[in-house]
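**Q** sequence and predicted structure are below.
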Amino acid sequence: METFMSLLQISIGAIFIQNFILSRFLGLCPFMGVSKKLSTATGMGIAVIFVMTVASMFTWAINHFILEAYNVLYLQTIVFILVIASLVQMVEMILHKYSPVLYESLGVYLPLITTNCAILGVAMINTGINPYSGSPFTFVESVVNGTMSGVGFLLALILMAGIREKIELADIPKPLEGLPIAFITAGLMAVAFLGFSGMQLR
Amino acid sequence: MINNIGTELKRGVLTENPIFVLALGLCPSLGVSTSVSNGLGMGLASTFVLIGSNIIISLLKKVIPEQVRIPAYIIVIASFVTIVQMVMQAYLPALYTSLGIFIPLIVVNCIILGRAEAFASKNNVINSAIDGLVMGLGFTVALVVLSTIREILGANKLLGLEFIPGFKPMTIFILAPGGFFTIAFVVGLINFFKMKKEQK
């Protein structure tokens, strides 16, 4: 029961309180780039959830069993980015071979994901301290954190795409068209998400 | 060929500003621009990485095979980021803690990989170094602009000193939404002046 509560706490924290895009500012480039249409936004979001989960597993294991064990933590940045880049490549190849349908729908987003700072960001966060328990993330906790951060990313991306599809039709002052109005929208969404801060499960 | 540093500088800071015009490197620019010292530190750290990686990549451009160039570039960039990380941790521990996760994330800053791919892999060492410098400065200027606005409005401070006595700051500008609003209006303002200029 205790583990379940702590996992639930991590999930709610990752999706709402510390939403990757709207409160941590991670993954903004794809957020602005692919949020113009609802269908592409969904595809990208699902691809991110997938890669984040797999990346959390691998980076946690590598960090724990290799980097910490041999005391070479200063190599973290280099190792993590390489692991993520090759993981993305591997996921792409496996999908291509075994699930052409999934590859069709997610394939185009995968190369973009390597340089999505949200993936490296979640790997880095997983090496730190779990704010809810005060001790380092365990394997299960870090995987849940990865998946749920991805869910938070998908949520923000879908909300944004839904709003942007409507904004296309609105009458906006000329200088604010395009990027600026997208930022203002994101800002208003971030205000809404501020409401979740302070939420706690007991 | 790079003929004039002045025009190059204008290109990096104004016409091709990485953040305001090209919309690259948004995550660090919003994440760390809560105070001027953070913004400046992040800008200079990224500039160092950009110059270093541009130099090395332009030196190695004939050695790196076409097919594996992106992973090779990423390793070069990650090495420079690790140098920055270690130096900052040793000499500027306060800045290191306040920038936190955004220091390792310099690796995935699209500006750096973008310049490596678009410029350093095709040009000679000196030009690549200058390109890294001007693009880095453009990034730094943009960060300082954003963080000045946010620090004044959000904390009523500039570089940690009180700005207008008795002014009650709008805390929301240091929080996440303020970052989005600030960049929205700065980009909007730039577009406004651009359109006015075109009309003339």
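**A** In hand now; what should we look at? The shown structure was predicted, so the numbers you read here are calculated from the model rather than taken from an experiment.
**Q** list the contacts for the residue nearest the centre of chain B?
**A** The centroid of chain B falls nearest to residue B:139 when counting by CA atoms, centre = their mean (3.1 Å). Contacts for residue B:139 (CB atoms under 8 Å, 6 or more residues apart in numbering or on different chains) come out as B:18, B:19, B:25, B:29, B:43, B:46, B:47, B:50, B:111. (Each C-beta comes from the backbone N, C-alpha and C, glycine too.)
**Q** now for the strand or helix carrying the fourth one, which elements pack on it?
**A** Looking back up the chat, that one is residue B:29. In this assignment (DSSP states H and E), residue B:29 forms part of helix B:26-31. The helices and strands touching helix B:26-31, judged by 3 or more CB pairs under 8 Å, 6 or more residues apart in numbering or on different chains; DSSP states H and E, are helix A:28-33, helix B:125-155, helix B:176-199.
**Q** quick one: buried residues of the longest one?
**A** So that's helix B:125-155. By 16 or more other CB atoms under 10 Å in any protein chain shown, the buried positions in helix B:125-155 come out as B:127-155.
**Q** now tabulate the helices and strands packed on helix B:26-31 in JSON lines and tack on mean pLDDT and distance to residue A:42.
**A** Below are the helices and strands packed on helix B:26-31 laid out as JSON lines (pLDDT from 0 to 100; distance: least, CB to CB, whole Å):
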{"stretch": "helix A:28-33", "mean pLDDT": "79", "distance to residue A:42": "13"}
{"stretch": "helix B:125-155", "mean pLDDT": "87", "distance to residue A:42": "31"}
{"stretch": "helix B:176-199", "mean pLDDT": "86", "distance to residue A:42": "22"}
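**Q** how about a markdown table for the ones you listed, with distance to residue B:76 added?
**A** Shown next, in a markdown table, are those (distance: least, CB to CB, whole Å):
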| stretch | distance to residue B:76 |
| --- | --- |
| helix A:28-33 | 21 |
| helix B:125-155 | 12 |
| helix B:176-199 | 29 |
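**Q** what bits of the chain have low per-residue confidence?
**A** Using chain A. Scanning chain A with the threshold set as pLDDT under 70 gives A:1, A:105-109, A:114-115, A:200-202.
**Q** sorry, should have said chain B
**A** Where chain B drops to pLDDT under 70, the residues are B:1-3, B:160.
**Q** the residue lying farthest from the centre of it and chain A, how far apart?
**A** No residue in chain B sits farther from the centre than residue B:166, which is 32.9 Å out by CA atoms, centre = their mean. Distance from residue B:166 to chain A, counting by CB to the nearest CB, to the nearest Å: 26 Å.
**Q** assumed that residue was part of a strand.
**A** No. Looking at residue B:166 with DSSP: H, G, I helix; E, B strand; the rest coil, it is coil, so not inside a strand.
**Q** centroid-nearest residue for chain A?
**A** residue A:150 (3.9 Å).
**Q** can you tell me the element it falls in?
**A** Using DSSP H and E, residue A:150 falls in helix A:139-167.
**Q** of all the helices and strands packed on helix B:26-31, which one is nearest residue A:146?
**A** Residue A:146 lies closest to helix A:28-33 among the helices and strands packed on helix B:26-31, at 16.6 Å (CB to CB).
**Q** show me what counts as buried in that closest one.
**A** Quick answer for helix A:28-33 (16+ other CB under 10 Å): A:28, A:29, A:30, A:31, A:32.
**Q** now what about stretch A:190-202, what contacts it?
**A** Taking CB under 8 Å, 6+ apart as the rule, stretch A:190-202 contacts A:5, A:8-9, A:12, A:16-17, A:19, A:22-23, B:172, B:175-177, B:180.
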